[in-house]
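Undergrad: Turn this into a model:
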Amino acid sequence: MSHQARFGMAQRAGVNVVEVAGEIDLVNVAEFRTYLERAAAADRGGIIVDFAQVTYFDSRTVAALADFAKRMLTNRQRLSLVAPEGSRAERILSIAGLGLVIEMHATVDEALEAAREA
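TA: Numbering: from 1, shown residues only. Here you go, the predicted structure:
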């Protein structure tokens with residue numbers, strides 16, 4: 001049984017949400033980058049990357065997010081990550097220090113609320 005990530009994109013309250021479920025690794029990190037690029041190109045008031053259903057990711061994913069965060073900052077676009085408190089994704093993203101450069105929220109609704117307040 002494959003646990004490879006499935007990617008999707010939705011729009012909620014004028015914000016693009018990149019939805020990810022499963023495992024991101026060497027096999028599909030390029031596809032993950034493609035979804036990030038598509039979301040940025042649509043520029044609808046920011047981007048939320050939802051890691052709530054992600055079961056595994058490695059340093060390539062962390063690097064992709066860090067690179068993308070730099071681009072978003074340069075373009076003055078808003079980027080938020082969703083990783084439920086205590087989840088594996090939240091721990092890895094925190095250890096990698098991404099929470100210092102990218103807003104992190106426990107739910108998509110929290111990320112949307114922060115976007116509305118900004």
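
Undergrad: now the helices for the protein?
TA: 29-42, 59-74, 88-95, 108-117 (DSSP state H).

Undergrad: Kindly state the pLDDT recorded for the residue nearest to Arg38 when sequence neighbours are not counted?
TA: Once flanking residues are discounted, Arg38 sits nearest to Met9: 6.4 Å by C-beta to C-beta, 6 or more residues apart in numbering. (Each C-beta comes from the backbone N, C-alpha and C, glycine too.) According to the prediction, Met9 has pLDDT 94.

Undergrad: coming back round to it: for Val82, which of the helices of the chain is the nearest?
TA: Among these, the nearest to Val82 by C-beta to C-beta is helix 108-117 (5.3 Å).

Undergrad: Who are the packing partners of the closest one?
TA: strand 15-24, strand 47-57, strand 79-82, strand 103-105 (3 or more C-beta pairs under 8 Å, 6 or more residues apart in numbering; DSSP states H and E).

Undergrad: need the ones you listed in TSV with distance to Arg88 and mean pLDDT, can you?
TA: Listed next are these as TSV, based on distance: least, C-beta to C-beta, whole Å; pLDDT from 0 to 100:
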stretch	distance to Arg88	mean pLDDT
strand 15-24	11	95
strand 47-57	7	96
strand 79-82	14	96
strand 103-105	14	97
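
Undergrad: Alright, I will stop here.
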